[in-house]
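Asks: Take this sequence and fold it.
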Amino acid sequence: MRILVDVTHPAHVHFFKHAIHAWQRRGHEIIITARHKDVAVDLLSAYGFDFIDLGPARKGFIGLSAELAIRNTKLTRVIRRMQPDVLTAIAGVFIAQTGWLTRTPSVVFTDTERDALSNAITFPFASAICTPSCFQGAVPSHKHIVYEGYHELAYLHPHFFQPDPEALKAFGLHPDERYIVVRLVSLESAVYFRGGKGVRDAMEIVRRLESFGRVLISAEEALPSQLAPYRLTHRPELIHHLLYYAALFFGDSLTMASECAMLGTPAISISTITAGTIQEQAEVYGLVFAFTDPYRGQEQALAKAEELLSLHESNVWRERRQRLLAEKIDVTPFIVDAVEQFGPRERILRKKP
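Replies: Numbering: from 1, shown residues only. Next comes the predicted model:
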């Protein structure tokens, strides 16, 4: 069988990498199409994956609209030339539309309710939509496949990920050094508050947290001069080892907060946006602390961070992680099976009870 995997974000590389290896072991041919978004292409190269470069991500409504038209045209050409049996992606707007146009089945994985527009132009065209059980958005019932897990368990489940303290050397850290990882999704959120983000003053965050340990900032864009000394320079394929050994995560990336929950690292999520995954990880497992107030959120989050960093209770977080792992599935086998069932002469996958 020939499977096309469309990668549009760095987290998607992690999500599919073990499934790709599993499909290859089963004799399937894998085609990867890629989009320049943050370090997505760097990750594909670091893992040794061959891929077809379909161009950069664009910003703003006009830019994204243009990208949709241009990328769909390029992707359609790839599909017609290489004739995959099934398409798959996270979010899936590109594969759903091109799959519908080329009569190629598409399997979409999503955990993001807030992307209402993206979901609206994806779900009608997709063959199947797979979501975690905590997903709170509306999905056509005849296409909806629900599973007990999180995207991040496709690559951070203990079956695939084992933390290595030696990896910290790549970040200039000693295994016994205490540090906090701060994530700023964009330059704008690093400097001042804007819609959808709760970070109002990144320098205040650094000043208050560095008394508890070294502060490392991960950011997609260049940082202002006052934050540059804290910038994390790293090999992106090692980031999860860094998160595992961190004393705390603090930032506006919901994906990275969820990754920390999988690793047993306490996470402070500061964003006016939330998700069913973050809500469950906060309310059921106590591994994420979410602050959504656009004006008081930063102060509330910093107070909680200082409280957690004062406790030195690492065993608590590992125990909570063990409970999560016991109640959730290893997501990679689910990905493998869900996509394979849309191959030639295979039955259509129906919603599980």
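
Asks: can you count the residues close to residue 133?
Replies: 12 (other C-beta atoms under 10 Å). C-beta coordinates here come from the backbone N, C-alpha and C atoms, glycine included.

Asks: ok, it to residue 165 distance?
Replies: 34 Å (C-beta to C-beta, to the nearest Å).

Asks: How about residue 128?
Replies: Going from residue 128 to residue 165 by C-beta to C-beta gives 40 Å.

Asks: In terms of neighbours, single out the busier of these two.
Replies: Taking other C-beta under 10 Å, residue 128 and residue 165 do not tie; residue 128 has more neighbours (26 against 13).

Asks: beta partners for the more buried one?
Replies: Beta-bridge partners for residue 128, by DSSP bridges, are residue 107.

Asks: Helices along the protein, start to end?
Replies: Assigned by DSSP state H, the chain shows helices spanning 10-25, 40-46, 60-82, 93-102, 116-120, 187-191, 202-209, 239-245, 254-263, 276-283, 297-311, 314-327, 331-340.

Asks: can I get the ones you listed in a markdown table with mean neighbour count and distance to residue 173?
Replies: Shown next, in a markdown table, are the helices of the chain (neighbours: other C-beta atoms under 10 Å; distance: least, C-beta to C-beta, whole Å):
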| stretch | mean neighbour count | distance to residue 173 |
| --- | --- | --- |
| helix 10-25 | 20 | 21 |
| helix 40-46 | 18 | 20 |
| helix 60-82 | 14 | 37 |
| helix 93-102 | 23 | 38 |
| helix 116-120 | 14 | 37 |
| helix 187-191 | 19 | 22 |
| helix 202-209 | 18 | 16 |
| helix 239-245 | 22 | 8 |
| helix 254-263 | 26 | 16 |
| helix 276-283 | 20 | 26 |
| helix 297-311 | 17 | 17 |
| helix 314-327 | 14 | 17 |
| helix 331-340 | 21 | 29 |
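
Asks: Need these in CSV (columns: mean pLDDT and distance to residue 108).
Replies: What follows is the helices of the chain, written out as CSV (pLDDT from 0 to 100; distance: least, C-beta to C-beta, whole Å):
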stretch, mean pLDDT, distance to residue 108
helix 10-25, 95, 12
helix 40-46, 88, 18
helix 60-82, 88, 14
helix 93-102, 96, 6
helix 116-120, 89, 9
helix 187-191, 41, 28
helix 202-209, 93, 34
helix 239-245, 95, 24
helix 254-263, 96, 17
helix 276-283, 97, 16
helix 297-311, 94, 31
helix 314-327, 94, 25
helix 331-340, 97, 10
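
Asks: can you tell me which of the ones you listed comes nearest to residue 169?
Replies: For the helices of the chain, proximity to residue 169 was assessed by C-beta to C-beta; helix 239-245 is nearest, at 10.2 Å.

Asks: Can you give the distance from the closest one to the centre of its chain?
Replies: 15 Å (C-alpha atoms, centre = their mean, to the nearest Å).

Asks: what do you get for stretch 243-259?
Replies: The answer for stretch 243-259 is 11 Å, by C-alpha atoms, centre = their mean.

Asks: my guess is residue 247 meets residue 213, correct?
Replies: Yes - between residue 247 and residue 213 there is a contact at 5.6 Å, judged by C-beta atoms under 8 Å.

Asks: can you pull the contacts of residue 101?
Replies: Residues counted as contacts of residue 101 (C-beta atoms under 8 Å, 6 or more residues apart in numbering) are 72, 76.

Asks: what separates it from residue 73, distance-wise?
Replies: Residue 101 sits 10 Å away from residue 73, going by C-beta to C-beta.

Asks: which parts of stretch 103-113 are buried?
Replies: Neighbour-count burial for stretch 103-113 flags 104-113 (criterion: 16 or more other C-beta atoms under 10 Å).

Asks: and residue 54, which of the helices of the chain is closest to it?
Replies: Minimum separation from residue 54 across the helices of the chain (C-beta to C-beta) falls at helix 60-82, 4.9 Å.

Asks: what about the nearest residue to residue 8 once chain neighbours are set aside, neighbour count?
Replies: Excluding its sequence neighbours, the residue lying closest to residue 8 (C-beta to C-beta, 6 or more residues apart in numbering) is residue 35, at 4.2 Å. When neighbours are defined as other C-beta under 10 Å, residue 35 has 21 of them.

Asks: residues in contact with residue 35?
Replies: Neighbour list for residue 35: 6-9, 54-57, 71 [criterion: C-beta under 8 Å, 6+ apart].

Asks: Residue 56 too?
Replies: Counting by C-beta under 8 Å, 6+ apart, residue 56 has contacts 35-37.
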